[in-house]
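> Fold the following, please.
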Amino acid sequence: MKPKSIRCVKFFLALLNIIFILFGLFLMAMCVIDMRERKSKPEKQTALSRGVLAFLTTLALSLVVTAVLGCIGALREHVKILYVYACFLIFLVSVDLVVAAGGALLNNWVSGPSKLRAHFYTNSTVDDERPSHLIYWDTLQAENKCCGVDGPEDYSLLQRDIPTSCCARAHPLREGDARRHFHSECLNNKSYYLRGCEEILKQKLALTGKIFISTGALFLLLEITSVILALWMARTVRTERRRLQETLQAHFET
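Numbers count the residues shown, from 1 in each chain. Model prediction:
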C-alpha cells in the first residue's frame, strides 16, 4: 500500500496544477478579448500593447502545457515527467521574476512626468484642432468621469468652454437641443466633473499595479510550492520503488 504522504502530495499537486490550468485559460481568454477590442479601436493599439498581450498569451499557454504535464506526472507517479515538470516550472518562475522586475521599472517610468498634460495643452492650442484629439479627450473624460488634466479649470486657462464629455447627463445624448440644454445647465450649475484625469488615471494605475503584484506573488508562491512537491514526490516514489524492488529481490533469493 502506498504511503499516505505520497497520496496527499499527489492530491495537492494535482489540485495546484488544475488551478494553474484554469488561470492560464482565463488569462488567454482575457488577452484574446483585449486584442479584439484593440483591433476595433486602432487608436488604443500600440506596438508595446500588442507585444505585451502576445507575451502574456504565450506565458499563459506555457503555464497550461506545464500544468497538464504536472497533472499527468502526479496522477501516474511518473518520476521522469515530474522532474521535467519541475524544470519547466522553475523556468516559468524565473520568467515571472523577470516580468515582475520589469513591471516595477515600467510602473516607475509611467508614474514619472506625465505626457497627458503636454498632449492636452499642445493639441488644444493649435488653430485647426484635430478631430482625433477631441475624440480622444471626450472618450477619456466620459469613461473616467474626469475633466481636463488637473480639473475643469484647465479649460478656463485655454479660454474654452467645458465640453459635454465633462457633463454626465449631456454627453450620452446626440447632438441637438436636448444636449445643448443639459450642457448649458451643467455649466450654469457647475455640475461637471471636478476631478482631473491625471489623478484618476494614476489611481487606476496604482490599483492595477497592486492587483498585479499581489496576484503575481500568490502564483509565484504556488509555483515554488509545486516545484518542491514535485521534486519531493519524484524522489519519494523512486525511493519507494527501489525499496520494493529490493524487498522482492530478497524474497525471491530466499
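
> Could you use CA atoms for every contact and neighbour count after this?
OK.

> how far out from the middle of the chain is the helix or strand containing residue 81?
Per DSSP states H and E: residue 81 is located in helix 79-110. Relative to its chain's centre, helix 79-110 lies at 15 Å (C-alpha atoms, centre = their mean, to the nearest Å).

> could I get the very next helix or strand once past that helix in CSV with only the CA atoms?
Counting by DSSP H and E, the next helix or strand C-terminal to helix 79-110 is helix 115-124. The C-alpha trace of helix 115-124 is given here as CSV (Å, rounded to 0.1, in the frame of the first residue of the first chain):
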residue,chain,number,x,y,z
LYS,A,115,2.7,63.1,-21.1
LEU,A,116,-1.0,63.7,-20.6
ARG,A,117,-0.5,67.4,-19.8
ALA,A,118,1.7,68.0,-22.8
HIS,A,119,-0.8,66.2,-25.0
PHE,A,120,-3.7,68.3,-23.6
TYR,A,121,-2.1,71.8,-24.0
THR,A,122,-0.1,71.1,-27.2
ASN,A,123,-3.1,69.9,-29.2
SER,A,124,-5.6,72.3,-27.6
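
> one step back: packing partners of the helix holding residue 81?
For helix 79-110, the contact count by 3 or more C-alpha pairs under 8 Å, 6 or more residues apart in numbering; DSSP states H and E identifies helix 47-76, helix 197-253 as packing neighbours.

> mind listing what's buried in that helix?
For helix 79-110, the neighbour count (16 or more other C-alpha atoms under 10 Å) marks 79, 81-90, 92-93, 96, 100 as buried.

> what's the angle from that helix to helix 47-76?
160 degrees (axes from the mean of the first three to the mean of the last three C-alpha atoms, to 10 degrees).

> how far off helix 197-253 does helix 79-110 point, in degrees?
If you take the same axes, to 10 degrees, helix 79-110 sits at 170 degrees to helix 197-253.

> Now render the helices and strands packed on helix 79-110 as a markdown table, adding mean neighbour count and mean pLDDT.
What follows is these, written out as a markdown table (neighbours: other C-alpha atoms under 10 Å; pLDDT from 0 to 100):
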| stretch | mean neighbour count | mean pLDDT |
| --- | --- | --- |
| helix 47-76 | 18 | 85 |
| helix 197-253 | 15 | 84 |
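
> Nearest to residue 144, out of those helices?
helix 197-253 (7.1 Å; C-alpha to C-alpha).

> Quick one: low-confidence residue ranges for the stretch 1-150 of the chain.
The stretch 1-150 of the chain contains residues with pLDDT under 70 at 1-2, 38, 40-49, 102-114, 122-131.
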